[in-house]
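# Below is the structure, and that's it, no one-letter string:
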């Protein structure tokens, strides 16, 4: 599975899930439609779509793509999976950062939004590349667990456990697997 | 073996080669905000909820804290709470909904009902599930897909985290509480300092804390990135649990107690990382920025960016800008507009008692609005029984009804843009308490002191 795309740079660090999707949008009872409120309060003045904040990266027409490149400790705070739904719904397939909060990382994987953790140095080079040329491409190869900064040719490898990788590539879901071992779980319960 | 290892090993159903463990969950708490999509998932798959008896529901995140006997005014919120009621009925889950004497914040009611017990694994679609670790349980927050997983199978796929021990030794200063301990720890190691770890809190200062104070510490483990935090159960734990509604009783209690006494980290247990803290070094803490790691002693000044790396400076500047605060200024004396005493961090009866004892005979400063939101119906009833509501009323503090309230501002309890709120909750993120709201995290005692003076105050100066 490959994701080759330009990227949107979000250099802020410690981006929490309250920023990704503010709590007032969590009243919905379905998984759909969160993309339009992604980064709502960083994107618009006065909560008004007619008043975009010019300096926020999602409002900068120079940047687009399926990859979000973000500062360290992305997705910290609330466990709301709505954050992963919003990123995916907006059109991102991968988030690259030097550090992810644990719960966000699981939520992302469960929604086929690939979290790619790279070194701080590699991340800073990506930011530099994108800043200089917003049309620069990034190539992510899940099979090889590699990410390439096409402009510099620099390549890095990232971790993902084999189980999750298989799920991701084949579109498998943990629940299907867990249901398939139901008898093991029931046997466990007898002695637990 | 560590305490964590002992509990973990007892809950591994199956180990997947090169991957996670199939991990068994003893108790699953749910609420209205992160469960509806998971219930829909069960419907789509056409399967039942596997273990309804191990699932407990309440409405807390999105409920009003005033006139709870009336229908919820806001249509979407009403729908979400109604959906929870329908779902619980359809799937056979016990619901402590609005109006029920056990209703309250999920992390307050679990312990007070004795549902939370040592050695258990506990999850909830809420990051502050780490609270339950105070009983020597493995407790952590999960996303909605994982809520569905537990509904469907009572299991999760989990990778074993690394382990950290934070030992706090010595005596706390007067006016310093467990909230200050955890804010101090997070300020030391940063908002991401424990990511990838499960934390055990140990040391004499922790052992001397009450159960409620321990919950405050474990509650905020997530604010330094930790998946959870736990404390070995001891006599304080057992005494707290004994006689509670769902705690074991009779011969069952004796049997359980013997098991629980085995729950501690062995003397030769090895942690991936250890941190030692002297309790004497901790002062009342207050945050000045937009993540919980941005905390300083109340006597301190707001730091500058000199010590930060170049790449960290824009985020730091943005935080101070948002807060309207300046490097080099003292935090003490900062004007306060709102005081929020509540949330799963600090809304229990001891918190309310502490605040009441401090404000008795005092009155809130002019122009300050003070909200006290009890953690549960039981806490509220207890506060009234003890006459705390009279003390609050005389002080000009408003005692509201239970819910998450202004901790996350999902209901109408929001702090207006640009206003300063000293809050006993757990997060000072941008917009957390309302769009443009400026949050300063502190202990209940520090919040009460600010309520009385109208500015950030060193509570020690007002204690006799």
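Cool, got the structure. Quick caveat, the model's predicted, so the values are computed rather than measured.
# hey, let's count contacts and neighbours off CA atoms from now on
Will do.
# Show me what the longest strand seen in chain B packs onto, helices and strands only.
Criterion DSSP state E: the longest strand present in chain B is strand B:162-169. In terms of contacts (3 or more C-alpha pairs under 8 Å, 6 or more residues apart in numbering or on different chains; DSSP states H and E), strand B:162-169 is packed against strand B:197-202, helix B:204-207, strand B:273-278.
# mind listing what's buried in stretch B:386-406?
Across stretch B:386-406, burial judged by 16 or more other C-alpha atoms under 10 Å in any protein chain shown covers B:388-392, B:394-406.
# That stretch: end-to-end distance?
Using C-alpha to C-alpha, to the nearest Å, one end of stretch B:386-406 lies 25 Å from the other.
# do stretch B:51-67 as well
Note: stretch B:51-67 ends 34 Å apart using C-alpha to C-alpha.
# how many other residues sit next to the residue of the stretch 251-400 of chain B at minimum distance from chain A?
Distances between the stretch 251-400 of chain B and chain A by C-alpha to the nearest C-alpha are smallest at residue B:315, namely 5.6 Å. A total of 17 residues lie near residue B:315 under the criterion other C-alpha atoms under 10 Å in any protein chain shown.
# mind checking the SS state of residue B:28?
Put simply, residue B:28 is strand when judged by DSSP: H, G, I helix; E, B strand; the rest coil.
# Find the residue closest to it in space, skipping its chain neighbours.
residue B:55 (4.7 Å; C-alpha to C-alpha, 6 or more residues apart in numbering or on different chains).
# Any idea how many residues pack against the one you found?
Residue B:55, neighbours per other C-alpha under 10 Å, totals 23.
# List the residues that contact residue 51.
If you meant another chain, say so; for now it's chain A. A:44, A:45 (C-alpha atoms under 8 Å, 6 or more residues apart in numbering or on different chains).
# wrong one, chain B
Residue B:51 touches B:151, B:153, B:154, counting by C-alpha under 8 Å, 6+ apart.
# Ok, residue B:250 next?
Per C-alpha under 8 Å, 6+ apart, neighbours of residue B:250: none.
# Kindly report the same for residue A:17.
Residue A:17 neighbours (C-alpha under 8 Å, 6+ apart): A:75, A:76, A:77, A:78, A:79, A:80, A:83.
# Just give me the neighbour total for the fourth one.
Here the number of neighbours of residue A:78 (other C-alpha under 10 Å) works out to 25.
# From the helices and strands packed on strand B:162-169, pick the one with the highest average neighbour count.
Counting by mean count of other C-alpha atoms under 10 Å in any protein chain shown, strand B:197-202 has the highest mean neighbour count of the helices and strands packed on strand B:162-169, with a mean of 24.
# Work out the gap between it and the centre of the chain.
What separates the centre of strand B:197-202 from the centre of its chain is 16 Å, taken as C-alpha atoms, centre = their mean, to the nearest Å.
# quick revisit: dump the helices and strands packed on strand B:162-169 to a markdown table, plus distance to residue B:120 and mean pLDDT.
Output for these, formatted as a markdown table (distance: least, C-alpha to C-alpha, whole Å; pLDDT from 0 to 100):
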| stretch | distance to residue B:120 | mean pLDDT |
| --- | --- | --- |
| strand B:197-202 | 15 | 98 |
| helix B:204-207 | 20 | 98 |
| strand B:273-278 | 24 | 98 |
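# Would you reformat the ones you listed as CSV and include distance to chain A?
Converted to CSV, these look like this (distance: least, C-alpha to the nearest C-alpha, whole Å):
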stretch, distance to chain A
strand B:197-202, 9
helix B:204-207, 24
strand B:273-278, 18
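# show me what contacts residue B:406?
B:340, B:343, B:413, B:414, B:415, B:433, B:434.
# between those, which is nearest residue B:91?
Closest approach to residue B:91 among the contacts of residue B:406 (C-alpha to C-alpha): residue B:343, at 28.5 Å.
# Now that that closest one has come up, it's in contact with residue B:409, right?
No: Residue B:343 is beyond contact range of residue B:409, at 11.0 Å (criterion: C-alpha atoms under 8 Å).
# if you count what's nearby, which of those two comes out ahead?
Ranked by neighbour count (other C-alpha under 10 Å), residue B:343 and residue B:409 place residue B:343 first, with 27 against 21.
# Quick one: classify the more buried one as helix, strand or coil.
coil.
# Poorly predicted segments of the stretch 1-150 of chain B, please.
Along the stretch 1-150 of chain B, the model assigns pLDDT under 70 to no residue.
# Show me what from it comes close to chain A.
B:10, B:13, B:16, B:18-20, B:22, B:33-34, B:36-37, B:62, B:76-77, B:80, B:125-127, B:141-145, B:149 (C-alpha under 8 Å from any C-alpha of the partner chain).
# Show me just the buried residues among those.
Buried among the residues of the stretch 1-150 of chain B next to chain A (16+ other C-alpha under 10 Å): B:13, B:19-20, B:22, B:33-34, B:36-37, B:62, B:76-77, B:80, B:125-127, B:141-145, B:149.
# can you tell me which of those residues are in strands?
B:13, B:22, B:141.
# Which residue lies closest in space to the last one, excluding its sequence neighbours?
Pointing back at residue B:141 there. residue B:127 (4.0 Å).
# The one you found contacts residue B:140, correct?
Yes: Residue B:127 is within contact range of residue B:140, at 6.6 Å (criterion: C-alpha under 8 Å).
# list the contacts for residue 10?
In the absence of a named chain, this looks at chain A. A:57, A:68, A:69, A:70, A:71.
# hm, I was asking about chain B
residue A:192.
# Relative to residue A:155, which of the helices and strands packed on strand B:162-169 is closest?
From those, taking C-alpha to C-alpha, the stretch that ends up closest is strand B:197-202, at 28.3 Å.
# What lies in contact with the lengthiest helix in chain A?
When chain A is parsed with DSSP state H, its longest helix is helix A:120-132. When contacts are defined by C-alpha under 8 Å, 6+ apart, helix A:120-132 is touched by residues A:7-9, A:11, A:69, A:71-72, A:96-98, A:136, A:149, A:151-152, A:156.
# next structured bit after it?
The helix or strand immediately downstream of helix A:120-132 is strand A:138-141, counting by DSSP states H and E.
# Buried residues in that following strand, which are they?
A:138, A:139, A:140.
# do stretch B:143-161 as well
Those would be B:143-158, B:160-161, for stretch B:143-161 by 16+ other C-alpha under 10 Å.
# Restricted to helices, list those residues.
Going by DSSP H, the helices hold B:144, B:145, B:146, B:147, B:148, B:149, B:150, B:151, B:152, B:153 from the buried residues of stretch B:143-161.
# and which of those is nearest residue A:161?
residue B:146 (17.6 Å).
# roughly how far apart are the closest one and residue A:185?
Residue B:146 is 16 Å from residue A:185, by C-alpha to C-alpha.
# what's the answer for residue B:442, then?
44 Å.
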